[in-house]
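Enquirer: Take this sequence and fold it.
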Amino acid sequence: MFEYYEQLTGEEQEKLQSIIQQLYRQTYLLERKYDKKIGRMVLNKDFYFCDKHMEFLKAYFAIAGIRIYQNMELGTIYIQGETTMGEKLPKLATIYLLLLKLIYDEQMASASSSVNIATTFGELNGKAGEFKLLKSLSSITEIRKALAVLKKYQMIELMDVLEELNENTRIIIYPCINVVLMREDLLKLLAYFAEDVADIKEDIEGESEDGEWESGIQGNNENLSE
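Expert: Residues are numbered from 1 along each chain as shown. Okay, the predicted model is just below:
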């Protein structure tokens with residue numbers, strides 16, 4: 001493994017170090033990301049560099065008991081393991097994550113041609129009201145913090161300026177949300193946060209096992225909400 005690394009150029013070694021640090025810090029690498037400067041999705045060169053050196057990275061992370069996965073359909077590369085547990089999310093960020101997953105699934109079910117789904121903060125708030133997940137109004141500081149955390153972990157990208165957040169603020173939902181939150185987890189989260197789950201069970205496919213749900217950012221993590 002280290003013989004492979006030593007055969008790389010100095011520039012490639014530095015790039016590989018940067019990729020490893022990114023995966024530890026963000027958990028995910030996306031094939032395409034939104035570029036605000038040009039206003040469209042662009043290819044992520046780091047994703048393809050990671051793909052090129054995947055066998056080395058698998059061996060490297062395995063030493064620490066970490067697995068690295070690649071999902072070409074979703075355009076994601078991510079790591080998973082006990083030593084990569086992400087930070088605990090604020091309750092509001094966990095609720096937003098659930099609602100964004102619902103929005104993502106709804107739009108994908110309508111024959112979307114892209115794995116990246118766009119919504120608005122207004123639609124997100126509308127879902128919160130529909131499912132009665134927010135019992136009180138959150139401050140603008142709490143809302144911005146929640147969205148910033150989801151952006152940090154590449155669940156979303158804000159197409160507009162966070163400091164100017166309003167109902168029309170556009171949000172891209174990245175396909176990573178499919179990895180961190182599976183469809184069968186939704187009912188558990190709804191049961192945890194909603195005032196009355198009985199009215200919305202019909203909207204959720206499948207059944208879930210009993211048990212306390214903790215939520216988390218990291219490839220299908222288990223540590224989301226505080």
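Enquirer: pretty sure Ile102 is touching Glu130, no?
Expert: One correction, residue 102 is Leu, not Ile. No - checked against C-beta atoms under 8 Å, the pair Leu102 and Glu130 is beyond contact range at 9.3 Å. C-beta here means a position set from N, CA and C on the backbone, and glycine is covered the same way.
Enquirer: Ramachandran angles for Asn168?
Expert: Dihedral angles of Asn168 (phi, psi; degrees, to the nearest 10) stand at phi -90, psi 0.
Enquirer: what about the spatially most central residue of the chain, distance to Tyr60?
Expert: By C-alpha atoms, centre = their mean, the chain has its centre lying nearest to Met155, at 2.9 Å. Separation of Met155 from Tyr60 (C-beta to C-beta, to the nearest Å) stands at 25 Å.
Enquirer: where's the residue nearest to Val115 when sequence neighbours are not counted, which helix or strand?
Expert: Leaving aside its chain neighbours, Val115 sits nearest to Pro175 (4.2 Å; criterion: C-beta to C-beta, 6 or more residues apart in numbering). Assigned by DSSP states H and E, Pro175 falls within no helix or strand.
Enquirer: Also Met41?
Expert: Assigned by DSSP H and E, Met41 falls in strand 40-43.
Enquirer: rewinding a little: so what's the residue nearest to the centre of the chain up against?
Expert: 97, 100, 173-174, 176-177, 180, 217 (C-beta atoms under 8 Å, 6 or more residues apart in numbering).
Enquirer: Tabulate those (a markdown table), appending secondary structure.
Expert: Listed next are these as a markdown table, based on DSSP: H, G, I helix; E, B strand; the rest coil:
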| residue | secondary structure |
| --- | --- |
| Leu97 | helix |
| Leu100 | helix |
| Ile173 | strand |
| Tyr174 | coil |
| Cys176 | coil |
| Ile177 | helix |
| Val180 | helix |
| Ile217 | coil |
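Enquirer: rewinding a little: since we're on the residue nearest to Val115, how many residues are nearby?
Expert: Pro175 is flanked by 23 other residues according to other C-beta atoms under 10 Å.
Enquirer: residues contacting it?
Expert: By C-beta under 8 Å, 6+ apart, the contact set of Pro175 is 30, 74-76, 115-116.
Enquirer: got the buried residues for stretch 20-35?
Expert: 20, 23, 26-34 (16 or more other C-beta atoms under 10 Å).
Enquirer: Going by distance to Asn125, which of those residues wins?
Expert: Tyr34 (21.3 Å; C-beta to C-beta).
Enquirer: So Tyr5 lies in a helix, does it not?
Expert: Yes - Tyr5: assigned to a helix according to three-state DSSP.
Enquirer: shaky segments in the protein?
Expert: Low-confidence segments of the chain, defined by pLDDT under 70: 82-87, 111-112, 181-226.
Enquirer: Domain map for it?
Expert: According to automatic domain parsing, the chain comprises the domains 2-84, 91-203.
Enquirer: Point out the most buried one among these.
Expert: Neighbour counts (mean count of other C-beta atoms under 10 Å) averaged over each of the domains of the chain peak at domain 91-203, with a mean of 17.
Enquirer: This completes my enquiry, with thanks.
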